[in-house]
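**Student:** build me a structure from this.
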Amino acid sequence: MAIPYKNSRTLCFFLILSFGLCLVITSAELERFEHPTKEDGSLSFLVLGDWGRRGAFNQSQVAFQMGKVGEKLDIDFVVSTGDNFYDNGLASEHDTAFEESFTKIYTAKSLQKQWYSVLGNHDYRGDAEAQLSPLLRKIDSRWTCLRSFIVNTELAEIFFVDTSPLVNKYFTNTEDHTYDWRGITSRKDYIATLLKDVELALKKSSAKWKIVVGHHAIRSVGHHGDTEELIKQLLPILQANDVDFYMNGHDHCLEHISDIESPIQFLTSGAGSKAWRGDIKGLNKEGLNFFYDGQGFMSVQLNPTDAEIAFYDVFGKVLHRSHSSKQLHPSI
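**Tutor:** Prediction:
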């Protein structure tokens, strides 16, 4: 049932979904999903990227450890940083790879929560529209994948950004791969609108924690390294709007880098399956706190004053922890 909601700017409709979620559809802004925190006001979730290989390359083992950590932390949902299905996304919305790489792999009880996913460059090599299809949510109601959107939990707002269209080489090196840009008729207009929408949403946000998720790294010492287009176009927006964390995949590793010009922490979780590339760039990089070249995932625990980030390997061992604090402002 659609419940109309009206504010001073636009007319919205709330569509009730499974897991008590509410999808806010607007005509001019990023779509928003309302996801409640726990009763004590805290929030916890897992972050995973670059995973869909029908269980191969230790994907199943990572999934098993995710289930154990998810149960321990009583997670609220899972964030996927893209490259959801290898090597070339899904062939169609009926592609059996969806169930073989997702439904049949992440079977632990604790992982039967909503999964919020963005598209990676490998997803654009297939039928990108398939991953956005409502049919997949009928096959597995956990699946939520849009190009760009917002998850609002009151405590935190998570801004999911479609980063692949910003990367120049996917439009110039067309001999290597074919990309599905059907939803992007004008790249220039698409990017301009996306960046404007993200900036506006960040400025309007009053959340205690602001988190941005994209597929590509802004800062990385892994195989792909820094993404110059994001440094030029997206990073200034994040720095100007008090973003706490930027989370990404793309590099098949786990890493934590601190921005030297702002409080932003760059967190890479792209180790959901195939990893161990072995070509590390600049381990003396300024701001580098942690780097691991193997498989694993990340957890996030938030409350009004503290954020706890942890990275786990394929055996469930904690490799690195990071703690951030905020002061509570007394009410006036």
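**Student:** with adjacent residues omitted, what lies nearest to Gly214?
**Tutor:** Residue nearest to Gly214 in three dimensions, not counting chain neighbours: Thr163, with 4.0 Å by CB to CB, 6 or more residues apart in numbering. Where you see a C-beta, it was placed from the backbone N, CA and C, and this is true even at glycine.
**Student:** what's around the one you found, how many residues?
**Tutor:** 30 (other CB atoms under 10 Å).
**Student:** contact partners for it?
**Tutor:** Each residue near Thr163 by CB atoms under 8 Å, 6 or more residues apart in numbering is listed here: Val118, Gly214, His215, His216, Thr227, Leu230, Leu234, Asn248.
**Student:** run the last query once more with 6 Å
**Tutor:** Contacts for Thr163 were tallied using CB atoms under 6 Å, 6 or more residues apart in numbering; they are Gly214, His215, His216.
**Student:** make TSV from these and add pLDDT and neighbour count to it.
**Tutor:** Shown next, in TSV, are the contacts of Thr163 (pLDDT from 0 to 100; neighbours: other CB atoms under 10 Å):
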residue	pLDDT	neighbour count
Gly214	98	27
His215	98	30
His216	98	25
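**Student:** now, which of the residues you listed lie within helices?
**Tutor:** With DSSP state H as the criterion, helices contain none of the contacts of Thr163.
**Student:** tell me the spacing between the residue nearest to Gly214 and Gly120.
**Tutor:** Separation of Thr163 from Gly120 (CB to CB, to the nearest Å): 8 Å.
**Student:** mutual contacts of these two, please.
**Tutor:** Contacts common to Thr163 and Gly120, judged by CB under 6 Å, 6+ apart, are His215.
**Student:** tell me where the stretch 1-150 of the chain is predicted with low confidence.
**Tutor:** 1-28 (pLDDT under 70).
**Student:** for it, just list every one of the helices.
**Tutor:** Along the stretch 1-150 of the chain, counting by DSSP state H, counting those that start in this stretch, helices occupy 59-73, 97-98, 121-124, 128-131, 134-139.
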